[in-house]
Each structure stands twice: as structure tokens, then as C-alpha cells.
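Participant: dropping the sequence and predicted coords here.
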Amino acid sequence: MNMTETWRAPRFAFLASHDLSTMLCTGNCVKTSAEARHRSSHGRRYVVCSMRDTKDNSIRERCHRETPSPAAVVAVGIAMVSLTMFPRPTDAAILHFRGERPTTLGVTANRYLGLCPNVQNCVSTSNNAYSSQFIPPWTYNPAEGAGGRPEKGMGEAIEDLRKVLSSYQGCTIIAQQNLVNEFGKGYYIYAEFESPLMGYVDDVEFLFQPDGKTVDYRSASRLGKDDLNANRQRIKNLRKELENFGWKSVGFN
């Protein structure tokens, strides 16, 4: 067995189920549910935890300075030390907050990718053009041509995308599929992108349309509600790499 290919950093149950903010929500009462949110006071950041006291079933709020708990510090420290103990791929994540793979991935009627839910951690060419989650599709045969070269076939364009994805840090192509609908033949690629430190996973789908030039896509985070523009920025980075093969955006992203 090749350790370099199969290495995974140690997993800790409490890190897998709570982020560092939620881990601060501990106290004398038994917690049946807790929601961490942030509050600022006098320039300091606090985590406010809503907790249920089992003695009288009341909801109470408890404020904590936003510093990691000792357990969190020890866990992250052990994970960092493990990096020097095991060989691993250079792009392997230290921790693995992967989340569950969505069941809504794929193509509808062999023609459409899914819409984004109403959260700011997803972009899609299928969303309404006036939505903040909309992003324009790509073309591998722009109208003005690419230096006078012949029109590119879909097979060549698929290879372009595969090359870019295979060189992108943290990317793994999971599935590929030929498609046929009433307009002709298309192609679908699904890839996972894992962040280098915490191991968060984003699901990214690409759909080559039968028109011989258009590629739709959807990029979404599995966890959280706001990705701080990470999915949109990744799409932009991919598009810039594809420009080396003559691709362009049908709009601005």
C-alpha cells in the first residue's frame, strides 16, 4: 500500500461535529442544542451561545471570548505534529470537514444543472441572471475566434478542462458522463475541491452543451452559508487557465 496516496490526517470526533466557535459553547448546563453567533463589544469578539438548561427547560445565553477551547487547541496541535510523522501528498488537507455529498447533483433532462439554494455559498449558470448567485457560462469557441485557429471540437475542449482540473490543487474528478438530449450530444464532469487546511469540500459540476461551444457550471460549498466568494473566485481562476486554450466567459465573472 502506498502511504503517500492513502494518508489521511487523524480525525477527532469533537472537531468533526463542531467548528471552533461552537466548541466554545460549553457550560454547567447540559446542552441539548446550541447555536453559536458572534457579538462585538469594545473591540473584542465574543461567541454568544443559546443553551437549554435541563433543570428548568429555560433558554439562557452565555458569552465567551472568542478564543479556542483547550481541547480545540490540543486537537489542532496534534494534527499539525502529525504532518511531520506521516508522508502525505503535498495538497492533502490537515483536517477533514468534508460534509455529506449532496443528493441533488447531476443534470436534469440531460440539459440543465441545478439551481443554487438561497445561501451565499453557491454560484450557477442556471440561476436567474439578476440573482447574486448567477455566473455566466463559458465558451470554448468564442465568436471572434482564437488567433485564427480552426473551430474546436467538444472532445478537445473536454481535454482542455480535464488538464486544468488535474493541475488545480485539491481537485479530484469524481464522475464523467456522455449525455444525449433532443438538441444533440453533451458531456458532464463532476469534481470535488478540498481546501488545503480544514478539508472543506466544494462540489463543482460542468456541462458541455450540444451547441458545440457553451459550458455551463455550478460550484457550491457543502458546509456553511457564506463562502466569502470562494466559489466565484475559483471559477474565475479556472476560467483564466482555460483562456490559455482559447476559452472565454460569456459575460463577466
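Facilitator: Arrived safely. Numbering: from 1, shown residues only.
Participant: the helices in the stretch 51-200 of the chain, which residues?
Facilitator: For the stretch 51-200 of the chain, helices defined by DSSP state H, counting those that start in this stretch occupy the ranges 70-82, 154-166.
Participant: can you flag the weakest of these by average pLDDT?
Facilitator: If the helices of the stretch 51-200 of the chain are sorted by mean pLDDT, helix 70-82 sits at the bottom with a mean of 59.
Participant: from what I can see residue 124 touches residue 136, true?
Facilitator: No - with contact defined as C-beta atoms under 8 Å, residue 124 does not count as touching residue 136 (10.8 Å). (Glycine included, C-beta is placed from N, CA and C.)
Participant: between these two, which one's more packed in?
Facilitator: Higher neighbour count among residue 124 and residue 136: residue 124, with 22 against 17, using other C-beta atoms under 10 Å.
Participant: could you measure from the residue lying closest to the more buried one once chain neighbours are set aside over to residue 244?
Facilitator: Counting by C-beta to C-beta, 6 or more residues apart in numbering, residue 124 lies nearest to residue 218, which is 4.1 Å off, once chain neighbours are set aside. Distance, residue 218 to residue 244, by C-beta to C-beta, to the nearest Å: 23 Å.
Participant: ok, now residue 183?
Facilitator: Relative to residue 244, and taking C-beta to C-beta, residue 183 is found at 29 Å.
Participant: now swap in residue 179 and tell me
Facilitator: Residue 179 is 26 Å from residue 244, by C-beta to C-beta.
Participant: neighbour-wise, which of these two wins?
Facilitator: residue 179 (17 against 10).
Participant: contacts only, for that one.
Facilitator: Residues counted as contacts of residue 179 (C-beta atoms under 8 Å, 6 or more residues apart in numbering) are 107, 110, 185-188, 207.
Participant: pull the most distant pair out of those.
Facilitator: Spatial extent of those (C-beta to C-beta) is set by the pair 107 and 185 at 12.9 Å.
Participant: more neighbours: those two, which one.
Facilitator: residue 107 (18 against 14).
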